[in-house]
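Participant: Fold the following for me, if possible:
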Amino acid sequence: MKTEKFYIDGMTCSACSSGIERSLKRKDFIHSIEVNLVNQSAIVSFDENKSNLESIFALVEKLGYAPHQFSTQNSNEMPLKELIKQKNWVAIEKKLLPSNLRLTIAVIMMFIVLYLSMVGMFFPSIVPPILQSSLGVFLQIIATGVTMLLGWRFYTKGFKSIVSKNPNMDSLIAISTTAALFYSFYLISTNSLTHGLYFESITVILTLVMVGKHIEEGAKNNANSAISALLAKQSKEVILIDGTTERTVLIDHIKINDHLKILPGHSIPVDGILFEGEGYLDESMLTGEIMPIFKQKGDKLFAGSLNTQTSFILKATSDSQHNTLQAMIALIEEAANSKTKMTKIADKVAMFFVPSVIFIALLAGIFWSFYQNFTFGFEIFIAVLVISCPCALGLATPMAVMIASAIANKKGLFFKNVQSMEYAGQVSAVVFDKTGTLTYTHLKIAHIIPLKGNEETLLQIAASIEQGSEHLIAKAILKECKVRQLELLKAEKFCTKSGYGICASIHNQEYTLGNAELFSSESLKPLQEKMRDIENFIHVIIGQGEEVLGAILLEDFIKEGAKELIETLKTRKIKSYILSGDRENNVKRVAENIGIVEFIAKAKPQDKLEFVKHLKAQGEVVMMVGDGINDVAALEASDVSVSFSSASDISTQSAEILICNEDIRLCGFIIALSKATSTNIKQNLFWAFCYNVISIPLACGFLYGYGILLNPMIAAAAMSFSSLSVVLNAQRLRGFKFIKE
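Facilitator: Numbers count the residues shown, from 1 in each chain. You can find the predicted model right below:
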């Protein structure tokens, strides 16, 4: 099975995206496909032995859309010849006839037709007699033809969608305006009319729809601002140090272990290590922290960070396609392409909506043709088709989600999928790991208690066993060993005991490092005597065989904002728990300091998993916040999982939400933003559905007896306004502020 991502130009509503999904899912070689309306992209999984991407593109093209492998940004930068070669007609049109110019021409054509028809009908003295003759009709035909050419995509997609049995919004526009065109020609051929034609309806409908699409496009581009901002931070070129020479190369040519010179004001092109020099880096795109961070030799540097002061040398540890910046872009795109339950419901509605509208329009048109006359029935038919466009329905969810994602990204917060954003607002219980989650990711050695030998010997053995480990305790031990300038010994035959510790051989002697449960109570007695008055620390016990050699005591620091977060959760009536593998005294100290009543110490991975399952069985919606390998099972089992980008690779892969800084308060921000987004989506869907519930009966003439009737031009304006109202309501999320309540 192969998975590919590509882009689709020309989608305008949820009926478009869901129609493409339905058509491709009918093919036996398609395993799954997700089409995103806002960022105009699709992710498809297919059997590469039965088909290829070119065949899938051909299927999409038959539906009237323009698939391609380049993002909007890339296609805009491509030369015209390359776009013609790819047959990307939508991108070609955008290059030759930008949206603003196309819209301006359409508006001019619309006013020409309105002047010749409506003004000529009601205020004939304003229009010269020559323009009220056949010449005026000819000019109306020309102006209408130009407008229809400007809206050619409505017709290609609209009629192709009907043929493929997936009618969409464009089908409604195409049917109504084409019918109006032919009926106008019929009237001209039979009565030689100069007024009473439908050219003004065609131009007004098409122009107003174009105005609505133009506004939507701008809103979509703003909603995709997070990806655009990240792409803007990616350098195109960099100075490569090749021996004694320096040369400028494209970042695509960077290889691992290359040495790169980073100038002031330039961004970091790939992940790496500061090899020579020092400087201050702006990592706001990663952490949301606006203050530059000082970096010195040996420190990790991340792609997309900005060098604010002096030049330095970077040693690359990744290439241009596999780095922190690309990973963040992938997270944003993955979230954008996933769908909420509400989106899926809207897609299902859109699937039946357009065919139903066409049927209703035909029934209403036929009824009024017999009850009144054909002309009246024909106007009803057009009005129903035009006013029923499901654009607002398609924009309701993705617009709100994309704006919310952009707000989160600015805080250094990334949702891997939109489902996590949907569920977070429903959280009723939050389970925290302690070390690295509620406490900082660095520990400090407080005491070294040797029972045999001295402090340096004990520290040397512990550091030798822990070398290469990324665990918080290992880092603290290795750092202290480096400070004391102790040489690491060669350790081998490593054996990990999950939740307990690690063992290894040094000089053919087996050593064990871990918690008290690895040793017998009898062997621990001498150590317990020495530790009687200093229990409230993290204990790492070192032993040789059955003999306890001593212990290293470490202390951690509660994160700033942890207590504030717990208070916020309490005001929102959300329960808080701590599950930690640490000793009870340490866990109790943290719990009491931040205000958590319920906690479990010495918790193994299975204990954490069972506790999360227990909460869910009681009907709680559980958020798990953890950063270690022993949290993975609990993260997977929870409804919403949160981890930190500094955590272990496995836990960051398991978590649905990543916090790219140490700000634990963002857990409360996640819940509040999710609630605000869900509320906004529900408002959007309400207005979208409400609009159609009210407008379709009006267009059908239900209130004609009371003098209320929507003609096609008013229907077109109302349809555009419905999309605009959803877009504007979604923009309200930009003013979201986290209120702790």
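
Participant: Could you find the closest non-adjacent residue to residue 381?
Facilitator: Excluding its sequence neighbours, the residue lying closest to residue 381 (Cβ to Cβ, 6 or more residues apart in numbering) is residue 365, at 3.1 Å. Where C-beta positions appear, they are placed from N, C-alpha and C, glycine not excepted.

Participant: need the contact list for the one you found.
Facilitator: With contact taken as Cβ atoms under 8 Å, 6 or more residues apart in numbering, residue 365 is in contact with 377, 378, 380, 381, 384.

Participant: Let's see if you can find the most crowded of these.
Facilitator: Most neighbours among the contacts of residue 365, by other Cβ atoms under 10 Å: residue 384, with 29 neighbours.

Participant: does it really touch residue 364, like I thought?
Facilitator: Yes - counting by Cβ atoms under 8 Å, residue 384 sits close enough to residue 364 to count as a contact (5.6 Å).

Participant: Name the residues contacting each of those two.
Facilitator: Common neighbours of residue 384 and residue 364 are listed as 699, 700 (criterion: Cβ under 8 Å, 6+ apart).

Participant: how about the strands in the stretch 1-150 of the chain?
Facilitator: Per DSSP state E, counting those that start in this stretch, the stretch 1-150 of the chain carries strands over the ranges 2-9, 30-36, 41-46, 66-68.

Participant: Which of those has the highest mean neighbour count?
Facilitator: Of the strands of the stretch 1-150 of the chain, the one with the most neighbours on average (mean count of other Cβ atoms under 10 Å) is strand 66-68, at a mean of 23.

Participant: Just checking: what are the partner strands of it?
Facilitator: strand 2-9 (antiparallel) (DSSP bridges).

Participant: quick one: the partner strand to chain centroid distance?
Facilitator: Put simply, strand 2-9 sits 16 Å off its chain's centre (Cα atoms, centre = their mean, to the nearest Å).

Participant: what angle separates that strand from strand 30-36?
Facilitator: The directions of strand 2-9 and strand 30-36 differ by 40 degrees, with axes from the mean of the first three to the mean of the last three Cα atoms, to 10 degrees as the criterion.

Participant: hang on, residue 505 is in a strand, isn't it?
Facilitator: Yes - checked against DSSP: H, G, I helix; E, B strand; the rest coil, residue 505 lies within a strand.

Participant: burial of it, as a residue count?
Facilitator: By other Cβ under 10 Å, 15 other residues sit near residue 505.

Participant: try the one 10 residues further on
Facilitator: Residue 515 has 18 neighbouring residues, counting by other Cβ under 10 Å.

Participant: try residue 484
Facilitator: Residues lying near residue 484 (other Cβ under 10 Å) number 12.

Participant: The one 4 residues further on too?
Facilitator: When neighbours are defined as other Cβ under 10 Å, residue 488 has 16 of them.

Participant: separation between it and residue 257?
Facilitator: Residue 488 is 23 Å from residue 257, where distance means Cβ to Cβ, to the nearest Å.

Participant: cool, and residue 241?
Facilitator: 12 Å.

Participant: Who has more neighbours out of these two?
Facilitator: Neighbours of residue 241 and residue 257, each counted by other Cβ under 10 Å, are more numerous for residue 241; the result is 17 against 9.

Participant: can you list the domains in this structure?
Facilitator: With domains defined by automatic domain parsing, the chain comprises 2-96, 235-319, 413-439+560-660, 444-555.

Participant: Point out the most buried one among those.
Facilitator: Sorting the domains of the chain by mean neighbours (by mean count of other Cβ under 10 Å), the first place falls to domain 413-439+560-660, with a mean of 21.

Participant: tell me the average confidence for that domain?
Facilitator: Averaged over domain 413-439+560-660, pLDDT sits at 83.

Participant: Please enumerate the helices of the stretch 301-450 of the chain.
Facilitator: 324-337, 341-371, 374-387, 391-410, 418-424 (DSSP state H, counting those that start in this stretch).

Participant: ditto for the stretch 501-650 of the chain
Facilitator: Going by DSSP H, counting those that start in this stretch, the stretch 501-650 of the chain shows helices at 521-530, 562-571, 584-594, 605-617, 632-637, 649-654.
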